[in-house]
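J.: Provided below are the primary sequence and the corresponding predicted coordinates.
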Amino acid sequence: MIIMFKQFVDREKELKWLEKTYKNAQNGFLILYGRRRTGKTELIKQFLKNKPHVYFLAGTKPEKENIHDLQKLMGDFLGDTTFKKIQFKGWEDLFTEFTKKTKTPVILVIDEFPYLIEENKAIPSIFQYIWDETLKDKNIFLILCGSSIGMMETQVLGYKSPLYGRRTGQWKLEPFKFNILKYFFPTSSFEERLQFFSFLDGIPDYLNKMDNKKTPIWNLKNKIFKKGEYLYEEAENLLRQEFREPRNYFSILQAISEGNTKYGEICNRTGLSKSLASQYLNNLIELRIIRKEFPVTQRKESRNAFYYLSDNYYDFWFEFIYPYKSLIEEDKQDILLRNISEKLQKHYASVFEQVCRQALRKIDTSIVKIGRWWHKDIEIDIVGLNEEKNIIVFGECKWTNKKVDIDVLENLKRKSKEIKWKNDIRKEEFILFSKSGFTSRLEEMFNNVTSVKLYDLKKIDKII
């Protein structure tokens, strides 16, 4: 019961959407997709409770076997043993016969739909025909689910897909935000929850694998840095499902996790030619394994881009597991933790920036665009923009054991002058986030200054 509660925290919005769509039209065609392990199947199962349905999980198997498996499930729903024995020529015949025999409304879910496409590239066209000719005017509520984001967005949702324009709704299920971790780790401090977030991200399945009565370091040693554990091999298993020859992809991902975030740096670190590296990077972006980030004030046409891994688990795995597999295989977790202690703090600091950007959205809801900014060797952790009101917010995040003093604010103000954005009319605001708080001198000086805000962990935790 507790596990179910954990998995379903913050999914009320998605469940309400499903319920509302179903209530308004029991004939519908929905697309639900998102990264693996985000709880799509659990969401669907919650929605299906006490409703007439057929739930089919497609597999990586020959098409005839998938058809036969769905046929058996349909036969069970109909209570028709004869239906199970019919030799259907293909998907079209199966659905035609099923709708003939279905007298009541039914929800039909096909989970991991991309597996069917991998086996037969004509599947989008086949299902377009099935929807148009067989299901559209019947009491069938069709839901297609998938974990391969790139394939779902191109082969199912893309304007070139035969299925384009058929759906009545779509939803991309995202990992949890940092604030939801308080439900998974109710007795943990802000710092401990941030550490968990730094190697698990907001993936429900990963969060549920932890012992929430133990510290992050204990869980690292016993649940991740250990041969045979689920999260020790998870990233490798997921990527091998996506790529038949993953060696060069692994090389690129490791390079990025090491801090080689510029295109030229990635090429130099991996030894790949620019054309080959570009191809691999584009494939990784399409699969949402990495993202391409631009300075928040610049357009995406700019060449001034950084590449980052898409979530904290992948980033952590390539920085702290993949290069140290020999130590983990020998059960030398203590040596590993000593070797990575300094890098681990830098990793926490990077994740702290993510959390602070989430906090800024709560602190000032008028800020529309939030990101990082850089130019040459100058970087600003957070820049928030309100185009309509000409407001620009400059932020600095400090994950250190030292209290932040006025020099940090002065340095941020100096760097802010480098940003060319509505310079003559903009209203500037400054915000500092600090793990260890602020000096009394800084707090007293800006206590009543509205253009300068100071947030320690206690304040961040409260606002989030």
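T.: Yep, it's here.

J.: Make sure residue 213 is actually in contact with residue 185.
T.: No. Assessed by C-beta atoms under 8 Å, residue 213 is found out of contact with residue 185, at 9.2 Å. To be clear about C-beta, it is placed using only N, CA and C from the backbone, and glycine gets the same treatment.

J.: Neighbour count for the two, which is higher?
T.: residue 185 (20 against 9; other C-beta atoms under 10 Å).

J.: Residue 21: helix or strand, and which one exactly?
T.: helix 12-24 (DSSP states H and E).

J.: for the protein, which spans come out with low pLDDT?
T.: 1-10, 301-302 (pLDDT under 70).

J.: what's the burial count for residue 115?
T.: By other C-beta under 10 Å, 20 other residues sit near residue 115.

J.: For it, which non-adjacent residue is spatially closest?
T.: residue 58 (4.3 Å; C-beta to C-beta, 6 or more residues apart in numbering).

J.: What separation do you get for residue 363 and residue 356?
T.: Using C-beta to C-beta, to the nearest Å, residue 363 is found at 10 Å from residue 356.

J.: Can you work out which residues contact both of the two?
T.: Listed as contacting both residue 363 and residue 356 by C-beta atoms under 8 Å, 6 or more residues apart in numbering are residue 455.

J.: Compare neighbour counts for those two and give me the winner.
T.: Neighbours per residue (other C-beta under 10 Å) separate residue 363 from residue 356, with residue 356 holding more: 26 against 19.

J.: buried ones in the helix or strand where the more buried one lies?
T.: Per DSSP H and E: residue 356 is located in helix 333-363. For helix 333-363, the neighbour count (16 or more other C-beta atoms under 10 Å) marks 333, 336-337, 340, 344, 347-360, 363 as buried.

J.: again with stretch 226-244
T.: So, applying 16+ other C-beta under 10 Å, buried residues of stretch 226-244: 231, 232, 234, 235, 236, 238, 239, 242, 243.

J.: How about stretch 98-112?
T.: Buried positions in stretch 98-112, judged by neighbour count with 16+ other C-beta under 10 Å: 98, 99, 102, 106, 107, 108, 109, 110, 111, 112.

J.: Let me see the contact set for the last one.
T.: I take that to be residue 112. 57, 58, 59, 145, 146, 147.

J.: Narrow those to those in strands?
T.: 57, 145, 146 (DSSP state E).

J.: ok, and the most crowded of those residues?
T.: Each of the ones in strands among the contacts of residue 112 was scored by neighbours using other C-beta under 10 Å; the highest score is residue 146's, at 27 neighbours.

J.: Leaving out the residues flanking it, which one is nearest to that residue?
T.: residue 152 (4.2 Å).

J.: I'd assumed that neighbour was in a strand, is it?
T.: No. Counting by DSSP: H, G, I helix; E, B strand; the rest coil, residue 152 falls outside a strand, being helix.

J.: can you count the residues close to it?
T.: 24.

J.: right, and it touches residue 111 too?
T.: No. Taking contacts as C-beta under 8 Å, residue 152 lies outside contact range of residue 111: 12.0 Å.

J.: what's the overlap in contacts for these two?
T.: In contact with both residue 152 and residue 111: residue 146, using C-beta under 8 Å, 6+ apart.

J.: Can you classify residue 32 by secondary structure?
T.: Applying three-state DSSP: residue 32 is strand.

J.: give me the number of residues near it?
T.: Residue 32 has 25 neighbouring residues, counting by other C-beta under 10 Å.

J.: ok, now which ones touch it?
T.: 40, 43, 44, 143, 144, 145, 146, 170, 171, 173.

J.: which one of those has the most neighbours?
T.: In terms of neighbours by other C-beta under 10 Å, these top out with residue 146 at 27 neighbours.

J.: OK, contacts around that one?
T.: Contacts of residue 146 by C-beta under 8 Å, 6+ apart are 32, 33, 111, 112, 113, 114, 152, 156.

J.: Just the closest of those to residue 396, please.
T.: residue 33 (36.5 Å; C-beta to C-beta).

J.: Report the contact partners of the nearest residue to that closest one once chain neighbours are set aside.
T.: Sequence neighbours aside, residue 152 is the residue nearest to residue 33 in space, at 4.0 Å (criterion: C-beta to C-beta, 6+ apart). Residues near residue 152 by C-beta under 8 Å, 6+ apart: 31, 33, 113, 114, 146.

J.: now do residue 370
T.: With C-beta under 8 Å, 6+ apart, residue 370 has these contacts: 296, 357, 360, 361, 382, 383, 384, 385.

J.: in what helix or strand does it lie?
T.: Counting by DSSP H and E, residue 370 is part of strand 369-375.

J.: same question, residue 280
T.: helix 274-286.

J.: Report all helices and strands that that helix contacts.
T.: helix 247-257, helix 263-270, strand 290-293 (3 or more C-beta pairs under 8 Å, 6 or more residues apart in numbering; DSSP states H and E).

J.: Where do the helices of the stretch 101-250 of the chain begin and end?
T.: Ranges of helices within the stretch 101-250 of the chain are 114-119, 123-130, 149-151, 181-184, 190-200, 204-207, 216-219, 230-242, 247-257, based on DSSP state H, counting those that start in this stretch.

J.: Residue 82 is nearest to which of those helices?
T.: helix 123-130 (21.9 Å).

J.: ok, residue 138 - contacts?
T.: Here residue 138 is in contact with 27, 99, 102 (C-beta under 8 Å, 6+ apart).

J.: Return the backbone torsion pair for it.
T.: In terms of degrees, to the nearest 10, the main-chain angles of residue 138 are phi -110, psi 170.
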